[in-house]
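Visitor: The following block contains a protein sequence and its predicted model.
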Amino acid sequence: MPLENNHKEEIFDDLKKLLSAIIFGYFMIGILQGILGGLGFVIFGFKNPVLWGAVMAVLALIPFIGTLFIWLPAGIFAILSQDYVSGIGLIIWGALVVGTIDNLLRPKIIGDRSKIHPTIILLGLLGGISLFGFIGIFIGPIILSITLSLLEELKKHYF
């Protein structure tokens with residue numbers, strides 16, 4: 001890069017902050033979604049809520065759809081077993097509570113820790129996923145952060 005060493009160090013510090021924020025955000029959202037998903041299983045009378053909550057916490061690493069792989073089939077199975085209240089209740093709980101947490105809080109948590117606006121983080125996540133697939137979850141915000149850092153350094157020192 002045609003920048004002085006101190007400028008490069010600032011960019012790498014920004015990148016370290018963003019990576020730390022991404023890892024922290026994914027970890028916290030996973031725990032929160034697992035707890036809320038397990039709570040939904042408890043509320044609607046499903047067996048093994050702790051197990052399914054733990055599985056949802058792990059699957060929460062897949063943004064937007066990870067926990068869906070647990071609560072949606074469980075809800076459908078309950079409906080097919082003629083337990084309509086539990087099935088429909090779990091599906092509504094999963095969509096409105098568990099899914100919404102992912103879409104609203106992940107960009108907020110990552111944005112607060114990295115000092116980047118949550119909308120930018122969300123755009124980085126969505127753009128990264130659309131361009132790179134699953135690995136784009138991490139690559140998208142990183143590319144966006146590097147771009148923003150470079151533009152900020154250029155603005156500070158050259159304009």
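Guide: Thanks, I have it.
Visitor: pLDDT weak spots in this structure?
Guide: Judged by pLDDT under 70, the chain has its weakly predicted residues at 1-3.
Visitor: Where do the helices of it begin and end?
Guide: Under the criterion DSSP state H, helices of the chain are mapped to 5-43, 49-59, 68-80, 84-93, 99-114, 118-132, 136-158.
Visitor: From the contact counts, what lies against the shortest one?
Guide: For helix 84-93, the packing partners by 3 or more CB pairs under 8 Å, 6 or more residues apart in numbering; DSSP states H and E come out as helix 5-43, helix 68-80. C-betas here are computed from N, CA, C, even on glycine.
Visitor: Which among these is found nearest to residue 113?
Guide: For the helices and strands packed on helix 84-93, proximity to residue 113 was assessed by CB to CB; helix 5-43 is nearest, at 3.6 Å.
Visitor: tell me the angle of that closest one relative to helix 49-59?
Guide: Using axes from the mean of the first three to the mean of the last three CA atoms, to 10 degrees, one finds that helix 5-43 and helix 49-59 are set 150 degrees apart in direction.
Visitor: Which parts of helix 5-43 count as buried, going by neighbours?
Guide: 7, 10-11, 14, 17-18, 21-22, 25-26, 28-30, 32-38, 40-41 (16 or more other CB atoms under 10 Å).
Visitor: Check stretch 151-159 too.
Guide: Of all the residues in stretch 151-159, those buried under the rule 16+ other CB under 10 Å are residue 153.
Visitor: Let's see it as CSV, backbone CA atoms only.
Guide: Extracted in CSV, the C-alpha atoms of stretch 151-159 (Å, rounded to 0.1, in the frame of the first residue of the first chain):
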residue,chain,number,x,y,z
LEU,A,151,-10.8,6.2,2.8
GLU,A,152,-10.6,7.7,6.3
GLU,A,153,-6.8,7.7,6.2
LEU,A,154,-6.8,9.3,2.8
LYS,A,155,-9.3,11.9,4.0
LYS,A,156,-7.2,12.7,7.2
HIS,A,157,-3.9,13.1,5.5
TYR,A,158,-4.5,14.0,1.9
PHE,A,159,-7.7,16.1,1.8
